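> Next come a sequence and a model predicted from it.
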Amino acid sequence: MNGIGTTMLGSSRAITPPPLMVTQLFLTVLWVPIVPLGMYVVRETEPATYSFLGKVRFIDFARAVGFRKVLRFYASVALESAAWIVFVVFLLLALDLIARLFGYELFR
């Protein structure tokens, strides 16, 4: 569990029949989304397990769903990203507090 990898953020079922959805894959560092790697059509096979079925170009997604749904999609991505940033900050603060209880300093 090193905090570096990929995660999927945002989801739209506007152009795919259930149980499929369009989501965006991000490169993460310390669990914080940094770089979008692409949009994909996925199927959730188990909780938090997905099958990637194809890649979607942003322009095709935007044309298919319209401007309002694109804004809603990216608002959900921004909200999820902000939640991860808050999580990481609280995690680091908690780790620092625990370290200080044992006489160590993580941050000076």
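Everything's here; your move. Numbering: from 1, shown residues only.

> From here on, just use CA atoms for contacts and neighbour counts.
OK.

> for the helix or strand harbouring residue 82, packing partners?
Counting by DSSP states H and E, the element that carries residue 82 is helix 67-101. Contact here means 3 or more CA pairs under 8 Å, 6 or more residues apart in numbering; DSSP states H and E; on that basis helix 67-101 packs against strand 4-12, strand 32-46.

> Out of those strands, flag the one nearest residue 67.
strand 4-12 (13.2 Å; CA to CA).

> Could I get the average pLDDT for the closest one?
The average pLDDT within strand 4-12 is 86.

> Now do the contacts for the nearest residue to residue 27 once chain neighbours are set aside.
Leaving aside its sequence neighbours, residue 27 sits nearest to residue 6 (CA to CA, 6 or more residues apart in numbering; 4.5 Å). For residue 6, the contact set (CA atoms under 8 Å, 6 or more residues apart in numbering) comprises 25, 26, 27, 28, 33.

> The first one reaches residue 42, doesn't it?
It stands for residue 25. No. Contact status for residue 25 versus residue 42: not in contact, 10.6 Å apart, counting by CA atoms under 8 Å.

> that older thread, I'd like the helices and strands packed on helix 67-101 as CSV, with distance to residue 69 appended.
Listed next are the helices and strands packed on helix 67-101 as CSV, based on distance: least, CA to CA, whole Å:
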stretch, distance to residue 69
strand 4-12, 8
strand 32-46, 15
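
> ok so, going back, would you turn the contacts of residue 6 into TSV with pLDDT and secondary structure?
Shown next, in TSV, are the contacts of residue 6 (pLDDT from 0 to 100; DSSP: H, G, I helix; E, B strand; the rest coil):
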residue	pLDDT	secondary structure
25	90	strand
26	88	strand
27	91	strand
28	87	strand
33	83	strand
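
> Dihedrals phi and psi, residue 19?
With angles defined as degrees, to the nearest 10, residue 19 sits at phi -90, psi 20.

> And it, what's its pLDDT?
At residue 19, pLDDT is 83.
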